[in-house]
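Q: Just the structure for this:
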Amino acid sequence: MFEVLMAATATTGLFALAKGIRGQQRYDVNPSLVVNLHDQKGDDLPCPWCYGPTAEGDTRCSGCGRKFG
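A: Numbering: from 1, shown residues only. Below is the predicted model of the structure:
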């Protein structure tokens, strides 16, 4: 019984110590470094020859001019 009480006290003390060391940290985010992967909704697969961006309805690549299909 004493061991259980000692383990509970030690665990509680460790959690309290960890919370006290960490404190209330605030992280500032630089908005210019945030990447949003859903910005380019019009892009489809890249061109297989030049890897330029293409759209679903393109018949030719806007980068290299090669015909799709």
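Q: Centroid-nearest residue for this protein?
A: With distances taken as Cα atoms, centre = their mean, residue 35 lies nearest the centre of the chain, 8.0 Å away.
Q: Assumed it was part of a helix.
A: No. Per DSSP: H, G, I helix; E, B strand; the rest coil, residue 35 lies outside any helix segment and is coil.
Q: Who are the contact partners of residue 50?
A: Shown in contact with residue 50 (Cβ atoms under 8 Å, 6 or more residues apart in numbering): 61, 63-64, 66. (Glycine included, C-beta is placed from N, CA and C.)
Q: still on that earlier bit, roughly how far does the residue nearest to the centre of the chain sit from residue 29?
A: 12 Å (Cβ to Cβ, to the nearest Å).
Q: And for residue 6?
A: Taken as Cβ to Cβ, the span from residue 6 to residue 29 is 43 Å.
Q: So for the two, which sits in the more crowded spot?
A: residue 6 (10 against 7; other Cβ atoms under 10 Å).
Q: pLDDT at that one, what is it?
A: Per-residue pLDDT puts residue 6 at 83.
Q: so where does it fall, helix or strand?
A: helix 2-22 (DSSP states H and E).
Q: would you turn the contacts of residue 50 into a markdown table with pLDDT and secondary structure?
A: A markdown table is the format used below for the contacts of residue 50 (pLDDT from 0 to 100; DSSP: H, G, I helix; E, B strand; the rest coil):
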| residue | pLDDT | secondary structure |
| --- | --- | --- |
| 61 | 90 | coil |
| 63 | 88 | coil |
| 64 | 93 | coil |
| 66 | 93 | coil |
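Q: Next, give me the two most distant ones among the residues you listed.
A: 63 and 66 (8.8 Å; Cβ to Cβ).
Q: Could you tell me which residues touch both of those two?
A: 47, 50.
Q: and stretch 54-69, which residues are buried?
A: Buried residues in stretch 54-69, counted by 16 or more other Cβ atoms under 10 Å: 54, 61.
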